[in-house]
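>>> this one's structure only:
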């Protein structure tokens, strides 16, 4: 089974390229998690006493960059960046249909769907939690659109819900009405920028280009 690979590692941080089909944290079923994978990687390096803590999480079928804290003393600095939106996280998504706009900002609140515990939903103003997603069209082919997506907030299923609201659900996202895809959910956490919690250096972490979303990387990305 593909368990992904390390993208960046030092004494306090580790970034991992997560494959589809694995959860980040335990869900009570005993299934192997990405945290287990990272723990095994650290143990193989002689760092078995380090307990990795995921700074964010991705859905089971979403691929891409997951950041782990390796040091309890510096984790609050990372958590503060997440809470204050100082981390810039960029996703790639393949949406159904040809979108009629070059750029779009969606600010619809997001909350739980009372009729289906698996789902989130767009809420009326004053309900749910504030959510902002920035979308940019970069390529079109075969009635599908490749988007660069920037998360300003990080609500559960935010990108999936907002694109479904626009009438362009993510390809492979059956939960929100997306068309079927043999390649699975076409959503990938591609790039992240953050301040290193020790040095203050601005880090730009990036996974390899996901060819399942687009065979070639568009110019300018």
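Looks like it came in fine. Source: prediction; values computed, not measured.
>>> centroid residue for this structure?
Centroid check for the chain by C-alpha atoms, centre = their mean gives residue 189 as the closest residue, at 4.0 Å.
>>> and it, that one's in a helix?
No: assigned with DSSP: H, G, I helix; E, B strand; the rest coil, residue 189 falls outside any helix and is strand.
>>> Which strand residues bridge it?
residue 64, residue 91 (DSSP bridges).
>>> Can you list the buried residues in the longest helix seen in the chain?
Determined from DSSP state H, the single longest helix within the chain is helix 34-44. Under the neighbour-count criterion of 16 or more other C-beta atoms under 10 Å, helix 34-44 has 34, 35, 36, 37, 38, 39, 41, 42 buried. All C-beta atoms are positioned from the backbone trio N, CA, C, and that covers glycine.
>>> now for it, which elements pack on it?
strand 13-18, strand 63-69 (3 or more C-beta pairs under 8 Å, 6 or more residues apart in numbering; DSSP states H and E).
>>> Let's have these in a markdown table, adding mean pLDDT.
Listed next are those as a markdown table, based on pLDDT from 0 to 100:
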| stretch | mean pLDDT |
| --- | --- |
| strand 13-18 | 98 |
| strand 63-69 | 97 |
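>>> Kindly reformat the ones you listed as a markdown table containing distance to residue 54 and mean neighbour count.
Output for the helices and strands packed on helix 34-44, formatted as a markdown table (distance: least, C-beta to C-beta, whole Å; neighbours: other C-beta atoms under 10 Å):
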| stretch | distance to residue 54 | mean neighbour count |
| --- | --- | --- |
| strand 13-18 | 9 | 24 |
| strand 63-69 | 6 | 25 |
